[in-house]
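[1] what's the 3D shape of this:
(chains A and B)
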Amino acid sequence: MTAGAVQRTKAVTRWVGLAALVTTGLTVWLGLWVTPPAKVQGTLARLLYIHPPIAWVALYCAFGVAALSSLLYLWRRTRSLFWDRLGASAVEVGVIFTALTLVTGSLWGRPTWGVWWTWTARLTSTALLLVLFLGYLALRRVPAAPEVRARRSAVAALVAFVDVPIVSFSVDWWQTLHQRGTVLNPGLTLKVHGSMAWTMGLGFLAMTLVFVWMVMVRYRIEALADQVGDEELEISLSERWAEGDGPAPAPPRVPEPAGGGR
Amino acid sequence: MTVTVPAKGAAATPSARPAPRGTRRGRGRLLLVFALLAGAIAYLLAEGLGSSLDYFDTVAQAIAHKQRIGTEVIRLEGLVVPGSIHRSARGADFEVSGGGYRVIVHNTGSPPQLFQPDIPVVVVGHFTSAASTLFVSNQIMVKHSATYIAAHPTRVRGPNGTSH
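    All right, here's what the predicted structure looks like:
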């Protein structure tokens, strides 16, 4: 990646971050002060503007990107460490959002259902998803060559992704305490009223932007870490050769700047 | 990404990079992490799939399988019959309906905040006998819908432009 491209990427990241901040702020303002309380749930319904958008990011954006990146890495024609880094970044962000999904769901569940937690299919499969992707992150810490690690991780991500449709359809397949989808239901019928609907829509946009921003930042860190790893390898090799042959060779040169893609 | 290696003619690319060797302590820590994760998965599967994937029996299902259920503890789902709630110091007595059947619930403990007439609930407890329609419960969970309508519908318009 050229220096110009790095600068452009940094600028895009900043703008995405700013957009995420503005839309999140607007969602909070509309959600807390502008939208009306709901019938039955009253002010508890305000969690609608944050819990489903967070779950949307975790399930579909983060783990969707991770699964797609893994497929593209495993497919020989598109194999590139770019997909590995993207997948890893998406999973890392996805794990945070999955944990937040469970926390916000629990905060919502206590006053509405009457319990913080119960072993219903939707909750159990979501907790399982969190553990599976924590396993993916642990697997990435196992010492291995980059290609080996990327291949293992891609397979692990695809295996863990099997749980995503189970989480998604659990409320339709089985009798659960969790209500059916407010947006993603079998009839794709929006069941939210007026200003509450578009505030929730804004919440979806805000959380998606937060996700994109976090992945961009995380990807850059991952790319820089790889670059540092390469430089350390160069230095180690130079030192070893210097020990054996006398004069040390010239200092290592790493041609690509930070954020190198493939 | 291509990395130039000085002299020796051996090009070191990331793909040629040897696998970093983990220290014994690092490997031990990783094994511990994997063991914990495997334990967590096993626990979740055992708890989640140990019982039926269906979280509850509806009133109609419970009545249909009453002989088999007997006095076994189950989760029973039904709609709280309007006018049937009698709150007391120890809890609440009410009826739940579903599929044309009704069950009388004696509940001990305070009901959740949203407990009210005409709302679906899941009650945890058991029938007093295989022939009885009296259900003794110690927990009520409210199964609210996924529909969100403003509390003051006349002040705002519905998604289709009409007032609700």
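[2] got a list of what residue A:96 touches?
    For residue A:96, the contacting residues are residue A:214, by CB atoms under 8 Å, 6 or more residues apart in numbering or on different chains. In short, each C-beta sits where N, CA and C put it, glycine included.
[3] least trustworthy helix or strand in the chain by mean pLDDT?
    Defaulting to chain A. helix A:194-245 (a mean of 88; mean pLDDT, DSSP states H and E).
[4] what helices or strands is that one leaning on?
    helix A:3-29, helix A:51-56, helix A:81-112 (3 or more CB pairs under 8 Å, 6 or more residues apart in numbering or on different chains; DSSP states H and E).
[5] so of these, which one's packed in deepest?
    By mean neighbour count, with neighbours taken as mean count of other CB atoms under 10 Å in any protein chain shown, helix A:51-56 ranks first of those at a mean of 24.
[6] Can you mark which positions in stretch A:161-180 are buried?
    For stretch A:161-180, burial by neighbour count (16 or more other CB atoms under 10 Å in any protein chain shown) applies to A:161, A:163-164, A:166-171, A:174-180.
[7] next one: stretch B:128-142
    Buried residues in stretch B:128-142 (16+ other CB under 10 Å): B:133, B:135-137, B:139-142.
[8] go on, stretch A:145-164?
    By neighbour count on 16+ other CB under 10 Å, the buried set for stretch A:145-164 is A:146-147, A:149-151, A:153-154, A:156-157, A:160-161, A:163-164.
[9] Let's check: the centremost residue of chain B is which one?
    residue B:55 (7.2 Å; CA atoms, centre = their mean).
[10] any weak-confidence spans in the chain?
    All of this refers to chain A. Scanning chain A for pLDDT under 70 picks out A:1, A:184, A:186, A:245-262.
[11] hm, I was asking about chain B
    Along chain B, the model assigns pLDDT under 70 to residues B:1-23, B:48-52, B:152-164.
[12] Would you state the helices of it in chain order?
    Secondary structure of chain B (DSSP state H): helices at B:24-50, B:59-64, B:66-69.
[13] Can you give me the neighbour number for residue B:112?
    21 (other CB atoms under 10 Å in any protein chain shown).
[14] Name the nearest residue to it, sequence neighbours excluded.
    residue A:114 (3.0 Å; CB to CB, 6 or more residues apart in numbering or on different chains).
[15] Of the helices of chain B, which is nearest chain A?
    Comparison of the helices of chain B against chain A by CB to the nearest CB identifies helix B:24-50 as nearest, at 3.1 Å.
[16] which other helices and strands contact that closest one?
    So helix B:24-50, by 3+ CB pairs under 8 Å, 6+ apart, packs with helix A:121-140.
[17] and the helix it packs on, what does it pack onto?
    helix A:63-74, helix A:81-112, helix A:146-161, helix A:163-173, helix B:24-50.
[18] Convert that helix to PDB, retaining C-alpha atoms only.
    What follows is helix A:121-140, C-alpha atoms only, in PDB (Å, rounded to 0.1, in the frame of the first residue of the first chain):
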ATOM      1  CA  ALA A 121     -32.900 -21.700  22.800                       C
ATOM      2  CA  ARG A 122     -32.100 -18.100  21.700                       C
ATOM      3  CA  LEU A 123     -30.100 -17.300  24.800                       C
ATOM      4  CA  THR A 124     -28.300 -20.600  24.900                       C
ATOM      5  CA  SER A 125     -27.300 -20.500  21.200                       C
ATOM      6  CA  THR A 126     -26.000 -16.900  21.600                       C
ATOM      7  CA  ALA A 127     -23.900 -17.800  24.600                       C
ATOM      8  CA  LEU A 128     -22.600 -20.800  22.600                       C
ATOM      9  CA  LEU A 129     -21.700 -18.400  19.700                       C
ATOM     10  CA  LEU A 130     -19.700 -16.200  22.100                       C
ATOM     11  CA  VAL A 131     -17.700 -19.200  23.400                       C
ATOM     12  CA  LEU A 132     -17.100 -20.600  19.900                       C
ATOM     13  CA  PHE A 133     -15.700 -17.300  18.600                       C
ATOM     14  CA  LEU A 134     -13.600 -16.900  21.800                       C
ATOM     15  CA  GLY A 135     -12.200 -20.300  20.800                       C
ATOM     16  CA  TYR A 136     -11.400 -18.800  17.400                       C
ATOM     17  CA  LEU A 137      -9.500 -16.000  19.000                       C
ATOM     18  CA  ALA A 138      -7.700 -18.500  21.300                       C
ATOM     19  CA  LEU A 139      -6.800 -20.600  18.200                       C
ATOM     20  CA  ARG A 140      -5.200 -17.600  16.600                       C
END
